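Would you be able to build a 3D model of this:
(4 chains)
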Number of protein chains: 2
Amino acid sequence: MSVSPTPTEPLGNWLLDALPSEEYGRLKPDLESVSFALGDVIYESSAHMDYVYFPTSSHISLLYTMLNGSTAEMGLVGNEGVVGIALFMGGETTPNRAMVQGSGEAFRMKSRPMLDEFKRGGEFQHLLLRYTQALITQISQTAVCNRLHSVEQRLCRWLLMTHDRTHADELQMTQEFISNMLGVRREGVTHAAHNLQDQGLISYVRGRIKILDRKGLEAHVCECYGVVKAEHGRLLGWANRYKH
Amino acid sequence: MSVSPTPTEPLGNWLLDALPSEEYGRLKPDLESVSFALGDVIYESSAHMDYVYFPTSSHISLLYTMLNGSTAEMGLVGNEGVVGIALFMGGETTPNRAMVQGSGEAFRMKSRPMLDEFKRGGEFQHLLLRYTQALITQISQTAVCNRLHSVEQRLCRWLLMTHDRTHADELQMTQEFISNMLGVRREGVTHAAHNLQDQGLISYVRGRIKILDRKGLEAHVCECYGVVKAEHGRLLGWANRYKH
DNA sequence: ACTGGTCTGTGTCTTACCGCACATAAGGTG
DNA sequence: CACCTTATGTGCGGTAAGACACAGACCAGT
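Take a look at the predicted model:
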C-alpha cells in the first residue's frame, strides 16, 4: 500500500463527490490517496481501525473467517461506498476482515476528522448513513442468497457485483480466491465457472476471467443481484452525483 | 395490535432505558405502548413506515421473501433493540418485512419526533447507531452461518437467540414457522428438532417447544451464536443499563 | 363422538455439494 | 529447456438436505 498527496476532482468516489462544496472543503485537507494491491488486508477482525477508506478504482471485500478457517464474503464495497463504517457507527471495530479484491486507488481519512464532520450532522452524515443502509441491504440479501440459491447463481451474482465495481471486462482472480468469497469448495467454482463458460458467458484462463456476455449473466443470476442494485440506486440517488 | 397510553419506568427496552434523563424526558410524551400478537406484520417490504418500535416483552423477526415465496430470516430484534432503523438511517423503507415472532409489548414512536431527537446528535443517536452496528453483525453472521452450518446447528442458534429474547423456557411456534425462519423445509426442522429432543435438549409438542437444557444447546450450537452475543454485549454495554 | 383442520413423523428418491485423490496444464525461473 | 509452482479439470464416494407423498396424532368445534 502506497500513500501519495493531494487529490484532484472529481475524486471518483460517489460519497465524496456528492458532498456539498462547503463540507467537501472541510474534509479535503484530511484526504490522502492510497494504492492497494490485490489481497491487501485493510482491517483485521476486531482490530483497531485508524482510517476510513473511500475506494475509487479499487474495491474491497468484507469477509468473515470461521474458527475452522473457512471464509465467506458478506459484502463488497467499491467506489459507491466507504470501508470502516464501525468508526462512525460507534463500535470502533467489527468482527470481520476487509480485504482488497480489486487492486487500485482509494482515499483515506483519519478517524478523528471524519468523526468531527460526521457529528456536525450535515450531508456527510446523511450520506454515510444512507450508504450504510444500502450495505445492510447487501449483507441481508447475501444471507438469504447463501441460503436459497445455487453455487452457479451465486457465482453470477458475484461476477456481476464485481464487474460493476471494476469497470473493466477482465477480472483477475483465481477460482481458489472466488471459492473463499462464495464460501464453497474450489472445485465447486471450477464446476460452475465451466458451465458459464460452456454457455459463452465468460472465459476463464488461469486467474483471468473475461466477462463476455453481461446480459447473459444478468439473465442467469438470481433476483438478489437486482434487489441490491435497485436499493443502492434508490438510496444513493445516482442522479445526484458529482454536485461540485 | 392494541394501543394504550403512558408508560411507567423502567420501560424494559434497553435503548430507551439507557437514555439520559434529559433526552428521555423529551421523548417520553411521544411514546405509546402497543401490544403485538404472534404473526402480526409490522412493516411490509418496501412499504412506508410511520413508526419505530422498541420491543419490551415482544420480539420481532426481520424476514426476506423471495419471488418464489420462500423466506428466510436475517435478524431478530428483542428488547435490546429497535425495529425501523431505515427511518433514522435515511432510507425510509427497506426491502424486507418485519413480523412478530414472540407476542408481547413494545413502545412505538412516530417518525418525526424520533428524527428530531436523532438529529440532535446526543446519546439517543449514539445508542441507535451502536445498536444498528450490532444488528449488522447479526445479519452478517447469519449470512455466513447460512452458508457454512447445518440445519441442526442453525436451529440451536435460532432457539438460543429466541430464548434470549423471550425470557421464558416455553416458546410457541410450529415447525412450519421455524422452517420459514431458517429457510429450510418443514421436514428438515422436524428432523433436526427430533435429534435435539433425543438428546434431551428440548421437548416439542405441537407448536410448543420447551428448552430443557440450555447449556446443552450452547454446547451444540455453532460459533455464530457466541460471536453475535459477545458483539451485542460489547456494543450495547450491558453494564450501562438502567441509568435513570 | 364425529369431523375437519392443523401439526408432526416417516419413507423413498433425487440432487447439490463436500472431501479427497490425482491428473493435467500453463507460466515463471534458473 | 527442465523444473517447479500454481491453477484448473475430473472422477468417485459420501452426506445433507431438497421434493413429494402420506400416515398418524392432536385439537377444536358442532
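
With A:Glu152 as the reference, measure out to the residue located most distally from the centre of chain A.
For chain A, the residue at maximal distance from the C-alpha centroid (CA atoms, centre = their mean) is A:Asp198, at 28.4 Å. Distance of A:Asp198 to A:Glu152, given as CB to CB, to the nearest Å: 11 Å. All C-beta spots, glycine's among them, are computed from the backbone N, C-alpha and C.

So which residue is smack in the middle of chain A?
For chain A, by CA atoms, centre = their mean, the most central residue is A:Val77; offset 1.4 Å.

Settle this for me: that residue is touching A:His59, isn't it.
Yes. Between A:Val77 and A:His59 there is a contact under CB atoms under 8 Å: 6.3 Å.

Now for these two: what residues contact both?
A:Arg165 (CB atoms under 8 Å, 6 or more residues apart in numbering or on different chains).

Could you verify that A:Glu73 is part of a helix?
No. Counting by DSSP: H, G, I helix; E, B strand; the rest coil, A:Glu73 falls outside a helix, being strand.

Verify the stated contact: it with A:His59.
No. Counting by CB under 8 Å, A:Glu73 sits too far from A:His59 to count as a contact (11.6 Å).

coming back round to it: for the residue farthest from the centre of chain A, give its distance to A:His191.
In terms of CB to CB, A:Asp198 sits 11 Å off from A:His191.

Just after the helix or strand bottoming out on mean pLDDT in chain A, pick out the following helix or strand.
Least confident helix or strand, chain A: strand A:2-4 with a mean of 59, by mean pLDDT, DSSP states H and E. Remark: after strand A:2-4, the chain's next helix or strand is helix A:14-17, criterion DSSP states H and E.

now that following helix: mean pLDDT?
Throughout helix A:14-17, pLDDT has a mean value of 95.

List the contacts of A:Leu16.
A:Leu16 neighbours (CB under 8 Å, 6+ apart): A:24, A:27, A:31, A:54, A:107.

so A:Gln172 bridges to which residues?
A:Arg208 (DSSP bridges).

Okay, now the unreliable bits of chain A?
Low-confidence segments of chain A (pLDDT under 70): A:1-9, A:238-244.

now, which of the contacts of A:Leu16 sits nearest B:Ile85?
For these, the minimum distance to B:Ile85 (CB to CB) is 23.1 Å, reached by A:Phe54.

Now do the contacts for the closest residue to that closest one other than its chain neighbours.
Distances taken as CB to CB, 6 or more residues apart in numbering or on different chains put A:Asn13 closest to A:Phe54, at 4.1 Å, once the chain neighbours are dropped. The neighbours of A:Asn13, taking CB under 8 Å, 6+ apart as the test, are A:54-56, A:79, A:82, A:106-107.

is DNA strand D contacted by the lengthiest helix in chain A?
If you go by DSSP state H, chain A has its longest helix at helix A:123-148. No. Applying CB under 7 Å from any atom of the strand, one finds helix A:123-148 separated from DNA strand D by no less than 7.8 Å.

can you give me the angle that helix makes with helix B:123-148?
20 degrees (axes from the mean of the first three to the mean of the last three CA atoms, to 10 degrees).

mind listing what's buried in helix A:123-148?
A:123-125, A:127-148 (16 or more other CB atoms under 10 Å in any protein chain shown).

Helices along chain A, start to end?
Using DSSP H, helices in chain A cover A:14-17, A:21-27, A:85-89, A:111-119, A:123-148, A:151-166, A:175-182, A:186-198, A:214-220, A:223-236.
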